[in-house]
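Student: Predicted structure and sequence below. I'll ask about it afterward.
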Amino acid sequence: MARSTPYRLSAVAFTVVMLAGCASERPRAPAAPHWSAPTPTASAPSPLATGPAAAAPRFTARTARVTADDLPHSWRPGCPVRPADLRLLRLAYWDFAGEPAVGEIVVHRDVAADITEVFRRLFAAKFPIRRLALVDEYDGSDDRSMAADNTSAFNCRKAVASGTPSWSQHAYGRAIDVNPVENPYLFDGRVLPPQGAAYVDRSPARPGMAVRGGVLVKAFAAAGWTWAGARGADPDYQHFSTTGG
């Protein structure tokens with residue numbers, strides 16, 4: 001009995017050693033990867049973002065040549081200017097909802113830079129313009145363009161005036177009608193367009209109106225253009241031109 005006890009202890013020790021050895025040969029599970037939250041990085045504001053992070057809208061202007069195909073209703077052979085004499089301006093402006101927009105207008109190439117500067121001033125002052133589109137979108141109809149409160153320039157047509165028919169300054173690309181509804185033409189007892197009847201009374205001044213000393217009149221005056229709304233007879237509040245006619 002005295003010799004059997006060491007034997008049993010040795011067997012136990014052997015078993016422990018064997019188990020330890022087996023444990024050391026088992027494949028270990030890979031350590032879990034260490035994860036940490038990524039460091040925040042600043043991102044550029046979305047072009048449509050609002051608030052302090054959004055960039056303020058900027059005035060933009062582009063000038064391009066035009067062809068007869070670009071003016072299917074407003075130009076025709078026999079007009080006092082050629083398409084090569086005209087320029088298409090794509091200009092930024094503020095609409096009546098207080099939102100920036102981009103529209104198009106055709107003017108004579110000699111006044112393209114002046115009109116770009118006029119619209120730059122209007123944009124800086126946030127003067128509202130209802131619509132800025134070529135009269136060709138209205139099949140060349142001045143009546144339809146005015147009824148839509150559309151601001152337009154070149155249109156090869158005769159002047160709406162008494163006396164011997166003559167070319168309008170619009171036919172040369174040297175006149176612009178701005179917000180015709182808010183600034184109607186009072187001619188021969190008529191209101192043109194009829195939708196402008198509520199604006200025959202020029203007081204009080206309302207958004208989009210041309211008034212003495214106002215932003216619109218001053219912007220054109222700075223370019224050397226004349227406002228037909230200042231004349232005593234048949235005032236044409238929408239009409240600005242290089243000659244006043």
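Tutor: Arrived safely. Numbering: from 1, shown residues only.
Student: Quick check: end-to-end length of stretch 156-169?
Tutor: With Cα to Cα, to the nearest Å applied, stretch 156-169 spans 9 Å between its terminal residues.
Student: Check stretch 103-117 too.
Tutor: From its first residue to its last, stretch 103-117 covers 15 Å (Cα to Cα).
Student: Residue 232: neighbouring residues, count only.
Tutor: Neighbourhood size, residue 232 [other Cβ atoms under 10 Å]: 5. C-beta here means a position set from N, CA and C on the backbone, and glycine is covered the same way.
Student: mind listing the strands for the chain?
Tutor: Secondary structure of the chain (DSSP state E): strands at 61-65, 86-94, 100-108, 131-132, 150-151, 175-177, 185-187, 190-192, 226-227, 239-241.
Student: and the residue nearest to residue 62 when sequence neighbours are not counted, how far is that from residue 104?
Tutor: Spatially, and ignoring its direct neighbours in sequence, residue 62 is nearest to residue 90 (4.4 Å; Cβ to Cβ, 6 or more residues apart in numbering). Distance, residue 90 to residue 104, by Cβ to Cβ, to the nearest Å: 6 Å.
Student: the more surrounded of the two?
Tutor: Each of residue 90 and residue 104 has its neighbours counted (other Cβ under 10 Å); residue 104 has more, 18 against 14.
Student: and the residue nearest to residue 62, what does it touch?
Tutor: Going by Cβ atoms under 8 Å, 6 or more residues apart in numbering, residue 90 touches 60-62, 64, 102-104.
Student: so which of the residues you listed comes closest to residue 201?
Tutor: Comparing the contacts of residue 90 against residue 201 with Cβ to Cβ picks out residue 103 as the nearest, at 28.2 Å.
Student: Quickly list what the nearest residue to the closest one once chain neighbours are set aside is bridged to.
Tutor: In this structure, residue 103 finds its nearest non-sequential neighbour in residue 132, 2.6 Å apart by Cβ to Cβ, 6+ apart. Judged by DSSP bridges, the bridge partners of residue 132 are residue 151.
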